[in-house]
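> compute the structure for the input listed below.
(chains A, B and C)
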Amino acid sequence: MLKIKEYLRPETIEEAYEMGSLPNSLYVSGGLIAAQLKISRLERLVDLKTLGMDEIEDGSIVKIGANAKLTTFMNNPILSSQNNGFFKEVAKDIGSTQIRNMATIGGSIAFKLGWSDVITIFMVTESQVEFYDGNFHKTTLENFIKDGKRDQIITAVYLPKNTKFMAFEKFAKSTFDIATLNLGIALSLENELIKEITIVVGSRPMISERVREVEDFLKGKDLLNSIDKAANLMESVVKVGTDMRASAEYRKALAGALLKKAMRRICYESGIQG
Amino acid sequence: MKVEFKVNDRKHSIEIEPGELLVETLRRLGYKSVKHACDTASCGACSVQLDGNPVLSCRTFTAAVDGHEIKTVEAFSKEGELSAVQKALVEEGAVQCGFCIPALVVTAEALLNENPNPTEEEIKTYLNGNLCRCTGYVSQNHAIMKAAELRRNSASVPAGNQGELS
Amino acid sequence: MKVPDLGTTLTTSTKFKVVDTSVPKVDGYALVKGKTVFTDDFNIPNALVVKILRSPHAHAIIRFVDASEALALEGVVCVLTHKDVPRVAYTRAGQGYPEPSPYDTFVLDKKVRYVGDAVAIVAAETEEIANRALKLIKVEYEVLPAVLDYEHASDDGMPVIHDEPEISGAYDPSRNIASHYEMHIEDVDKELAKCDVVVEGTYYTPNPSHAMMEPHTAISYFDPNGRLTIISSTQVPYHVRRIIRHIFGVESRVIKPRIGGGFGGKQAIHVEAYVTAVTLKTGRPARCVYTREETMTATNTRHAMRFKVRVGASKDGKLRVIDMDGLSNTGAYGEHALTTFMVAGSKTLPLYNKVKAVRFKGDVVYTNIEPAGAFRGYGAPQSMFALDSALDELAYKLGMDPIDFKLKNSIREGETSPVFRMMGEGREGVEQIIQSCKIEECALAGAKLFNWYEKKKRPKVKGTKARGCGVAFAMQGSSIPAIDMGGATIKMNDDGTFNLMIGATDLGTGSDTILAQIAAEALHTTTDKFIVYSSDTDVTPFDKGAYASSTTYVSGNATKRAAERMAQEILKAASEIMDKPIEELHLEDGKVISESGHSITYSEIQTKLFYSFKQRQLEVTESFVSEVSPPPYMVSFAEVEIDLETGKVDVLNFLSYVDCGTPINPKLARGQVEGATVQGIGMVLYEEHVFDKNGRMVTNDFFTYKIPSRKDVKNIKVEFAKSYEPTGPFGAKSVSEIGLDTPAPAIANAIFDAVGIRVKKLPIKSEDIFFALKNMAKSL
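Numbering: from 1, shown residues only, chains lettered A, B, ... in the order given. As a prediction, the model looks like this:
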């Protein structure tokens, strides 16, 4: 049990923001993380689920309501038909059925957890975050991670629709475990040469980050024949740390190894033969 | 604060603490099949169905289930008759200490509602959050395959599954 | 070591009706419906909530405790410190009396010896108040230097962990040595000099947690007559009763309901003493349910062990020497210290009885971490990892297939080993001649089923993955001979059912069921005619409890005896009622049938005996204690795949071929092996405790301490060899522990086969494999 004074269920976003701006307030949507927090000062939980915001709307950019569960995200037909079924495939390895039935897209971002797979996935797709702080704003997920404030309410994530090839690789000790390291790449090809590319490494154990040196290196390169060089570069530039799950040195090696796996997967999916 | 929700079709209208967790409320109300085993959303023993979907009651605020429907394992053996999942678990020797079993039943029932003909791999994926320290999982996965078959074969006779087919 | 032929014919083809069938578990229906069967499910009105204040320091003296603020909190009923509980030294180990574990523990002490050690007991009206009270208790500690590295625990100048004058039964507390053991047969050094091939290695096994799903829980209260009653999730209700009496001088009744797993973790008294202290102090019911964190950090783990092994053979493949120099870490207290260490020898060495010279010795040391205790396998998985890995390496150096090498040197039916006599549990063992041993069938049939020879010939590396296969042999025991005793009471009812009352403690294993099967077989009826009740010290007969792979064998034999005597009683009564000589009567399908074809049902017999004919209740109690401990045997085969880019190891296939005598209930027996296998895989690949520099366990939950989950487990297969143990109930031996002995060596041997790396430290971390691969590539 959390020793709090009130559990509030606001009806409008304005009301929610007002409640959330009070000292010792915390927003809750899925509840997974909030229920585990041991903040002794916490007085008030502000439930955002009453605001709806759980729809996934199609368009040139897919709008995913912040309260959409990971299960909804995983089983959404619009997303399932995107990028060769990438989203469904990666979502099913996050947490467990129960966790996916509870965790929301907004909540998975708001707590800015270092080991989040969701953040890596949305960062590599260059998604934007819409949030409310009295007004609605939109910013890139990368910027939100840097600048987002506690009382801001994430209302939606905007996922660009495109035909990029995507791959997500997660290394974890057990299949029901957070990542020791995760890595996502998204790229477009022109005559087997890489045109655009984003690479994100997460659970470093610090929060997910783009690795632009490797992106820049790979732009214009032949995908198949750059795998080893890109992996070597990754190992030398990726910023990683040591914790009880792995040493920094091993994480570097993992970043290279996962990049190789991801690039090989895209070679396979795009029909590029080795 | 006051909340109202249904557990296994029975209405409860009760006073709760604002920070109360569903596992605490349910056990207080006598639904002792809901187990508190890990504190970190890591074992699945507290799983219940919330509007038909398995969730962790140790991470669900009771305040948030106001107006919703909960199912615990008691919902699946009405009038004492076991559901196909329950029957198969016992028959296959898949119940050892039994502490994780109520939550396993609740989750497996949801799986078979969503996917009446799962592969073993799909069973493992869906139930990966239901830890068991006794069985090594082999017999449990087997039992759920068998239960799926039993359910498919008796699809017209909802014996033992009244809880969810109604 | 060959002994003359036994001259007995061992029946292996006996036809059973109930035994050797997979009847559903007698408690299965209640469990699958989620009935209120576990300790914390019981509503006890007005029970206080008990919480324990725990030490943040690994080693400290408690200068003073100020509980005034906590006591001032409304709803706090009592706060007990070391001044409020009897200062009686005891061991938490639930073992036969007198226990071979040192008496080095107090309910509360003025010294704390690990992070998590108990400092004070709080009882309050609600959990929330109890938790708040914990924060209000002020404790002044004098922090002492701690012993965290067990390899240096008895170095000169190390702090002394047990300096209390009351300690007894410890080997040399002044050097932090809880226990010491050594034995030898012939001279290992002389014999090693004669060997053509010698392998040496140092092997480490860690201290995993039992991680049973139900945390430790107990409730105590005075019954209406003022008798102290303890409901506890325990494997050892009779030992709990005895130890509670030893500490508090109070008689009690201990009830064991269903248990949510134990694996040895509940073969010790943990919470029982705390709730008892509160009930005795306040007169009120008291309930203590450990959190997961407490279960992880403040109960028991497996003993971490180090073995320096030397094995040697002549070039014809004859094993001549086994030399094991061990070191075991018992943590802050010495529960099961000596016995787990001795079992590390006694349940492994006799397997290779052809060996000329054997030595087994070492210390069990105290350190300032969570105490180790009993854990499925009880030392054998630790030493078997070392011994079997070394033998695998020896076979490799000899150019022999490890199956051939291990078979050539292992024990067979009709043989013995001097180790049986030399090593018991905490004392000398008993001599025994092996009457059932199908290890050859296990190895050969297993190899065939596993495609061992074909798989060994395959190329190891394919793309970025390498595959390899390993094999491991194991034995265990069935009970602690000449110590373990179990009893069974059978009472016949007028509806033709029987009450089967047993002290044996079903902790999820299915012992209630298999004991009912044994009774049903002997009484020529069906399992559903038995109302099984276990265990309640005021109602059921004594049983040592569930440990040492003893329940099927010891409690099973006790049950069989009781049932056989009940059969005689039934025949006697029937003979009187039917007026026929006993010799003309036999039992069949719940009836007594005469040669002339007349019959009378059990129900009719007891009805007559209740109301109209030589009135009496048919009831018998029998006990059993064994003079031997027949080992089950097992050969396991593992196929692993290693990701060469990351070092990740996956166990693709794991086959165990088991000789457990007659499996009383094949599905439940299989479940025991499957469960133990996955616990073994967990110990090998997933489970690791990390401590910070102050000795605090960081991996104190299931989020950071990963036990295998469903998708982690690939293909596991279990087969049983046809076997019959003449001294066992209907030919049965034990099956619960042996499954944990093989995963470590089988997987480690498979990793060597795949990539040429000898792993000598568990758990096997992908990081370590990765860097080992990298170093190998560099040196090429």
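> just the element for the residue lying closest to C:Thr509 once chain neighbours are set aside, please.
For C:Thr509, ignoring the flanking residues on the chain, the nearest one in space by CB to CB, 6 or more residues apart in numbering or on different chains is C:Ser736 at 5.9 Å. Yep, even glycine has a C-beta here, placed from its N, CA and C like the rest. Assigned by DSSP states H and E, C:Ser736 belongs to no helix or strand.
> distance check, C:Ser736 against C:Arg561.
C:Ser736 is 21 Å from C:Arg561, where distance means CB to CB, to the nearest Å.
> more neighbours: these two, which one.
C:Ser736 (30 against 21; other CB atoms under 10 Å in any protein chain shown).
> that older thread, surely the residue nearest to C:Thr509 touches C:Ser549?
Yes. In this structure, C:Ser736 is within contact of C:Ser549 by CB atoms under 8 Å, at 5.4 Å.
> do a quick rundown of the helices in chain B.
B:22-28, B:84-91, B:101-114, B:120-126, B:138-153, B:162-165 (DSSP state H).
> could these go into TSV alongside mean neighbour count, distance to C:Ile716 and mean pLDDT?
Shown next, in TSV, are the helices of chain B (neighbours: other CB atoms under 10 Å in any protein chain shown; distance: least, CB to CB, whole Å; pLDDT from 0 to 100):
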stretch	mean neighbour count	distance to C:Ile716	mean pLDDT
helix B:22-28	22	32	97
helix B:84-91	25	18	98
helix B:101-114	26	18	98
helix B:120-126	18	12	97
helix B:138-153	21	5	97
helix B:162-165	15	31	40
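> need the ones you listed in TSV with distance to chain C, can you?
Shown next, in TSV, are those (distance: least, CB to the nearest CB, whole Å):
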stretch	distance to chain C
helix B:22-28	8
helix B:84-91	4
helix B:101-114	4
helix B:120-126	5
helix B:138-153	5
helix B:162-165	12
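> and these as CSV, adding distance to A:Ser174?
Listed next are the helices of chain B as CSV, based on distance: least, CB to CB, whole Å:
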stretch, distance to A:Ser174
helix B:22-28, 24
helix B:84-91, 24
helix B:101-114, 18
helix B:120-126, 13
helix B:138-153, 17
helix B:162-165, 31
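> could you list every residue that touches the residue of the stretch 101-250 of chain A found nearest chain B?
Nearest to chain B in the stretch 101-250 of chain A, going by CB to the nearest CB, is A:Asn101, at a distance of 4.5 Å. By CB atoms under 8 Å, 6 or more residues apart in numbering or on different chains, the contact set of A:Asn101 is A:69-71, B:50, B:53-55.
> what about the residues you listed, which are in strands?
Taking DSSP state E, the ones among the contacts of A:Asn101 that sit in strands are B:50, B:53-55.
> in those residues, find the pair that's most separated.
Comparing every pair within the ones in strands among the contacts of A:Asn101 by CB to CB identifies B:Leu50 and B:Pro54 as the most remote, at 7.9 Å.
> quick revisit: distance of the residue nearest to C:Thr509 from C:Gly508?
For C:Ser736, the distance to C:Gly508 - CB to CB - is 10 Å.
> repeat for C:Thr234
13 Å.
> so what sits against both of the two?
Common neighbours of C:Thr234 and C:Gly508 (criterion: CB under 8 Å, 6+ apart): C:259, C:262.
> neighbour count winner among those two?
With neighbours defined as other CB under 10 Å, C:Thr234 and C:Gly508 compare such that C:Thr234 has more, 34 against 29.
> grab the nearest non-local neighbour of the residue nearest in space to the middle of chain A.
In chain A, the residue lying closest to the centroid (CA atoms, centre = their mean) is A:Ile119, at 1.7 Å. Nearest residue to A:Ile119, sequence neighbours excluded (CB to CB, 6+ apart): A:Ser208, at 4.6 Å.
> swap in C:Gln432?
Spatial nearest neighbour of C:Gln432, chain neighbours left out: C:Val628 (4.1 Å); criterion: CB to CB, 6+ apart.
> which strand or helix spans that neighbour?
Using DSSP H and E, C:Val628 sits in no helix or strand.
> mind listing what it touches?
C:430, C:432, C:481, C:727.
> which ones among those residues are found in helices?
Using DSSP H, no member of these falls within helices.
> compare these and tell me which is most surrounded.
Result: C:Pro481 is most packed of those (other CB under 10 Å), 24 neighbours.
> from C:Ser629, how far out is that residue?
C:Pro481 is 4 Å from C:Ser629, by CB to CB.
> spit out the residues that contact those two alike.
Joint contacts of C:Pro481 and C:Ser629 (CB under 8 Å, 6+ apart) are C:430, C:432.
> the residue nearest to A:Ile119 and A:Ser116 touch, don't they?
Yes. Contact criterion CB under 8 Å: A:Ser208 and A:Ser116 qualify, at 6.8 Å.
> the more surrounded of those two?
A:Ser208 (28 against 23).
> can you check the pLDDT for that one?
Predicted confidence (pLDDT) for A:Ser208: 98.
> just to revisit the earlier point, for the contacts of A:Asn101, which one is nearest chain C?
B:Pro54 (14.0 Å).
> residues in contact with residue 86?
Looking at chain A here, since you left the chain open. Neighbouring residues of A:Phe86 by CB under 8 Å, 6+ apart: A:166-168.
> to clarify, I was referring to chain B.
By CB under 8 Å, 6+ apart, B:Gln86 lies in contact with B:76-77, B:105, B:160, C:32-33.
> so for those residues, which is the shakiest by pLDDT?
The model is least sure about B:Gly160 among the contacts of B:Gln86, giving it 46.
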